Structure formats: C-alpha cells, structure tokens
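Trainee: one predicted model, sequence on top.
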Amino acid sequence: MEQHRTRGRTIADYLTIVRRYKWLIIATTLVVPAVAYVLSVQQTKIYRASSDVLLNRQDLGSVLTGIPTTDTITEPERYARTQAALARVPGVASLALKRAHVSSMQPWELLATSSVTPQQSTNLLTFAVDDRNPALATQLATAYASAFTKYKLRMDTTSLSRANRELQGRLNELRRTGGSDTDAYRELLQKSQDLRTLELLQAPASVVRVATSADQVAPRPVRNAVLGMALGLMLGLGAAIFLNAVDRRIRDAEEIERELQIPLLARLPEPHRGNERLTILDGPADEMTEAVGRLRTSFDFANAEPQAKVVMATSASANEGKSTTIANLAIALARTGRHVVLVDLDLRRPSIARLFHLPDAGGATDVATGNAELAAVAHSVNTAPLRPRVTPIRDAETSARSLQVVTAGKTRVDPGGFVETAGLTEFLHLLRQQAEIILIDAPPLLAAGDAMALTGKVDAILLVNRLGTLKRPTLHELVRTLRRSPAPLLGFVATGAELDEGYFAYGVRDPQATSARSRSIDDEPRTATEERMPRSASGGSGRWVPRRSDD
C-alpha cells in the first residue's frame with residue numbers, strides 16, 4: 001500500500017466540523033448575546049457631553065527671529081497630540097472643577113471619566129465627559145474646555161512675561177549707571193517693547209462649541225447583543241475546532257480514505273433501533289437496503305480488475321459492524337444470480353450463525369479438521385425478500401441455492417494456529433471449486449494475529465470501519481499493519497454514517513404505502529413452489545431477531 005500522505009484542512013473539512021458541532025455553535029451564538037443583553041439592561045446609564053476647542057498655532061519664534069519653527073508648520077498632528085496630552089494634566093482638571101463649581105469630585109476622578117481627542121486633519125480638540133447625571137456631564141464638558149484655554153494661554157505667556165521682567169531689570173540697571181543713552185539700552189528697550197506686544201497679541205485657544213446636552217453612551221443593549229452574537233459565533237467555532245482537535249475519534253469517511261489511500265465503497269447508516277440487523281432480507285426497502293445495494297455495485301466495480309474470488313472482511317477493532325456488513329453484501333451479491341458462499345472464520349466471536357438464525361451445528365472448523373463434509377455444513381439461505389417490490393426473474397429454488405452459509409463450527413481449535421493449517425487451505429480450495437465468490441468474516445485485524453495470517457490465504461481484503469468509533473491512533477496502526485499484507489485492498493465501508501448527510505434519502509418509499517402493498521402481496525394465494533420455500537435455513541419464520549449486538 002502507498003505511503004499515506006497528510007494535507008492541510010480544506011473548506012469542506014471545516015464545513016464538516018461546523019455540521020458536526022452545529023448545536024454547540026448555535027447555542028453559543030444565542031446564549032452569549034442573550035446574556036450580554038440582560039447584563040446591559042441592568043447596568044447604570046452613563047451620559048456623555050462634549051465640547052470643541054480651536055487651537056491657535058501662532059509661531060512666536062518666527063515673529064522674533066524671522067525663521068519659522070518646524071514643529072508648528074510641518075508636524076501639525078504632533079502639535080495637536082501634544083496639546084491633547086497637555087489637557088490631561090491634573091492642573092487643568094482642577095481648574096475645570098473650580099470653574100464648574102463642583103466640589104464633590106477630585107481631579108483624578110474627572111480625568112478617569114473624560115477624554116481629550118484631536119480631530120483628524122483639523123486644529124480642533126474634543127473634550128468629552130461621562131457621568132450618570134446628564135446635566136453635570138454637560139456642565140463639566142464646557143468647563144473642562146474653557147479651563148484648558150485659560151491654562152494654555154497662561155503657559156504660552158509665562159515665558160514672555162519672564163523674559164520681559166528680566167529685560168526690565170537690565171534696563172533699570174542701565175538707567176542707574178547712566179547708560180540710558182547707549183545703543184545697548186535702546187536695543188534692550190526695543191526688545192522689551194516687542195515682548196510686551198507679543199504678550200498682548202497672544203491669541204489663546206478658544207471654545208468653538210460648548211456642550212448643550214448629553215447623550216446616553218452606556219449601556220447599549222442592542223449593540224452589545226449584536227457584538228455578543230459575533231463573539232458567541234466565534235466562541236462556538238473556536239470550541240468546535242478545539243473539540244474536533246482533541247477528539248481522537250474519526251467521524252469523516254474522507255479522513256479514512258486519505259489515510260488508507262483506498263476508495264470508499266459505501267456508507268451504511270446505523271440500523272433503526274428495534275429493527276432487524278439484516279433488514280435487507282425483510283423488505284420493504286429502507287435506507288439500509290439502498291445503501292447495501294450501492295455497496296454491492298461498488299464492490300463489483302472495485303473487483304473488476306483483480307477478479308478476487310476469496311474476499312475477507314475485517315476491521316481495525318471490534319464493534320465496527322463487519323459481520324453485518326459482509327452478511328448483507330453476501331445477500332446482495334446472491335440476488336444477482338451468483339453462487340456466493342459466506343464463511344465465518346471469526347472463531348473468537350462468531351456471529352454469522354446468529355445473524356441468519358442458523359442452528360449451532362458443524363462448520364468451517366469441522367470441515368478443516370476432517371470431522372464433517374462441506375455439503376453437511378453448508379446452509380442454503382433463501383435471499384428473496386419477504387415482501388418483494390417486483391416479481392423475481394429467477395426461479396425461486398435457484399434463488400434459494402444462490403447463497404450458502406458456513407458457520408464457525410463446533411470443533412474447538414486454537415484460532416491463531418488454525419489459520420496456518422493445511423486443513424483450512426484445503427477447505428478454501430474446495431470452496432473455490434464450487435462457488436463463484438467466497439466472502440469470509442475474519443477477526444479484527446489489530447485484535448488478533450490470525451487475521452493478519454489469513455490475509456495470505458485470500459485474494460483481497462474488504463475493510464469495515466465505524467465512524468465515531470475508530471480512533472486516529474488505531475487508524476495509524478491499521479495503516480502500518482496493512483502495509484505488510486500480501487492481499488490487496490478493494491476498499492472500505494464506512495458504517496454508522498449520519499442520515500442527514502443526504503446519502504440515503506432518495507428511493508426510500510413511504511412506509512405506509514409500502515406496508516399496504518406488502519399486505520396485499522402477502523394476502524395473494526401462494527404457489528406450491530412458494531409454499532416449499534424456507535424462510536431461513538433453520539426453518540424459522542423468516543424474521544431475523546438478533547440476540548446481541550453485532551461485532
């Protein structure tokens with residue numbers, strides 16, 4: 001078998017995960033926004049008022065020196081951010097509280113419930129204040145903006161006033177020393193007059209929009225619910241992907257197909273609770289009957305080139321449905337007119353006799369050990385459905401002889417050593433001479449060593465894997481084991497497939513209509529040939545009631 005390859009997930013893989021965990025995703029998508037809405041409506045209402053301040057970017061340096069300052073011309077955004085940061089100092093907040101005549105709030109509290117944001121591509125600063133009281137929020141927003149303009153003007157003129165005071169001191173000193181008629185005195189006097197002029201002409205920042213009302217900004221139940229829905233969807237998807245990653249069970253047939261590098265022949269659904277396991281024998285048609293029909297067709301196509309005559313059905317471990325699958329396939333192949341022999345070689349847990357309600361008599365071990373003849377242990381099974389949908393085109397007795405079942409047998413043998421005996425080889429050779437196709441129910445490949453030994457005596461292998469039961473480590477071990485198998489793999493059958501995948505809906509008739517038609521057919525007089533036809537090899541009524549679950 002080819003070395004298995006790995007690949008990244010595709011959109012189809014993620015859609016499969018979403019479909020698998022859809023109820024978890026739906027639950028989180030609905031619960032999270034509901035919780036967000038309930039918590040939002042219980043929160044205290046918060047109101048926000050805002051006021052705008054126009055910044056004055058007068059370049060005092062260029063007035064004094066004639067050289068423009070780079071910061072105020074080429075970096076206006078930096079200047080605006082600097083002024084916004086200046087407005088967040090405690091001194092501005094303290095001045096704002098004084099102008100608003102609010103004594104119940106500390107400057108740090110005002111800073112914690114307010115913001116100053118420069119408007120992009122403008123010289124405007126927006127002062128916003130949040131508070132439970134809309135009137136107080138409006139009052140504080142206007143006071144905050146006005147306090148900043150006063151504070152900024154004081155900061156801008158402080159350096160001018162300080163420089164002017166220093167010049168006045170030097171002028172007074174020159175006057176005391178009689179230097180009032182010197183050029184130095186006149187130059188200093190001119191600079192003092194210039195500084196005074198700049199101080200008087202300094203344009204402060206101005207409040208261009210005062211706060212007139214406050215709008216509710218919290219809570220916003222509708223917005224929070226919409227955000228909660230998006231968050232819930234993300235949480236649901238994340239949880240689904242996480243659960244899928246930690247879940248070692250394989251739920252997709254495509255993953256098995258990628259790992260084994262063999263084709264998927266069919267998907268078989270879980271039998272309905274309370275129904276017979278071999279429902280293909282008991283018409284009318286249901287989803288299992290249609291799925292087995294597809295399996296028979298795929299099996300023929302897969303076996304067209306190897307022309308395998310002896311095919312063993314196995315699985316990775318127990319409880320994957322291999323016995324039921326091979327039994328249904330044997331019935332479907334027999335209905336096409338071929339002589340099929342079904343042999344139970346799962347000596348540890350034989351199931352074929354139970355599935356067909358056959359007596360606990362001789363079987364494969366008895367023939368292989370020479371204790372019985374093949375003709376004595378081969379049970380002919382009537383494969384015609386109890387309530388056929390169409391008139392059979394073959395003779396009824398020919399149909400009855402088309403499937404023969406050989407059970408495990410009564411002779412006790414060592415399962416591990418039995419598959420290596422010459423008696424089993426001669427038994428299989430005898431079957432090759434009499435049947436068109438031999439199907440063998442073998443033990444699970446990883447549970448017993450005799451299953452691997454049996455692969456050397458058959459022509460091909462049919463794998464049966466149950467979705468949701470097979471685990472990834474088990475699948476990886478199965479891949480390594482099959483690499484050593486001398487027999488080729490025809491493909492695998494995925495059991496336990498979900499009905500909502502759409503594989504089993506088409507062609508299933510209405511149960512009431514089919515039941516009515518079945519009753520009408522049963523009420524018709526039966527021919528003598530039909531009276532002689534047995535309903536099971538054991539002479540039972542024909543309804544297959546299993547005593548325990550299939551392996």
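Mentor: Ah, there it is.

Trainee: R296 against A334, yeah?
Mentor: No - using CB atoms under 8 Å, R296 makes no contact with A334, being 9.9 Å away. Where C-beta positions appear, they are placed from N, C-alpha and C, glycine not excepted.

Trainee: which one's more surrounded, the two?
Mentor: Using other CB atoms under 10 Å as the criterion, R296 and A334 rank with A334 on top: 26 against 22.

Trainee: show me the domain layout of this structure.
Mentor: 44-218, 253-508 (automatic domain parsing).

Trainee: so how far is the last one off the chain centroid?
Mentor: In terms of CA atoms, centre = their mean, to the nearest Å, the centre of domain 253-508 is found 34 Å from the chain centre.

Trainee: repeat for the shortest one
Mentor: Per CA atoms, centre = their mean, the displacement of domain 44-218 from the mean C-alpha position of its chain is 57 Å.

Trainee: what's the first-to-last distance across that domain?
Mentor: Distance across domain 44-218, first residue to last, is 8 Å (CA to CA, to the nearest Å).

Trainee: pLDDT (mean, whole number) over it?
Mentor: The pLDDT scores in domain 44-218 average 83.

Trainee: who's in contact with R432?
Mentor: K309, V310, I438 (CB atoms under 8 Å, 6 or more residues apart in numbering).

Trainee: so the second one makes contact with L462?
Mentor: Spelled out, it's V310. No - checked against CB under 8 Å, the pair V310 and L462 is beyond contact range at 11.1 Å.

Trainee: so what sits against both of those two?
Mentor: Contacts common to V310 and L462, judged by CB under 8 Å, 6+ apart, are absent.

Trainee: these two: who's more crowded?
Mentor: For V310 versus L462, neighbours defined as other CB under 10 Å are more numerous around L462 (29 against 21).

Trainee: identify the residue spatially nearest to S485, adjacent ones excluded.
Mentor: T455 (4.6 Å; CB to CB, 6 or more residues apart in numbering).

Trainee: number of nearby residues for the one you found?
Mentor: Neighbour tally, T455, other CB under 10 Å: 22.

Trainee: what's the pLDDT at it?
Mentor: Model confidence at T455 (pLDDT) stands at 89.

Trainee: circling back: from the domains of the chain, which stretch is densest packed?
Mentor: Ranked by average neighbour count under the criterion mean count of other CB atoms under 10 Å, the domains of the chain are headed by domain 253-508 at a mean of 19.

Trainee: can you map out the strands along the stretch 151-300 of the chain?
Mentor: Secondary structure of the stretch 151-300 of the chain, counting by DSSP state E, counting those that start in this stretch: strands at 206-209, 215-218, 264-269.

Trainee: closest to L54 out of the contacts of R432?
Mentor: Distance to L54, by CB to CB, is smallest for V310 among those, at 94.8 Å.

Trainee: next up, the contacts around that closest one.
Mentor: L428, L431, R432, I437, I438, I440, K457, V458, D459, A460.

Trainee: so the last one is in contact with S485, correct?
Mentor: In other words, A460. No - with contact defined as CB under 8 Å, A460 and S485 do not form a contacting pair (10.2 Å).

Trainee: just the strands in this structure please.
Mentor: 46-54, 114-118, 124-131, 206-209, 215-218, 264-269, 310-314, 340-344, 379-381, 403-406, 437-441, 460-466, 489-497 (DSSP state E).

Trainee: many thanks, we can stop here.
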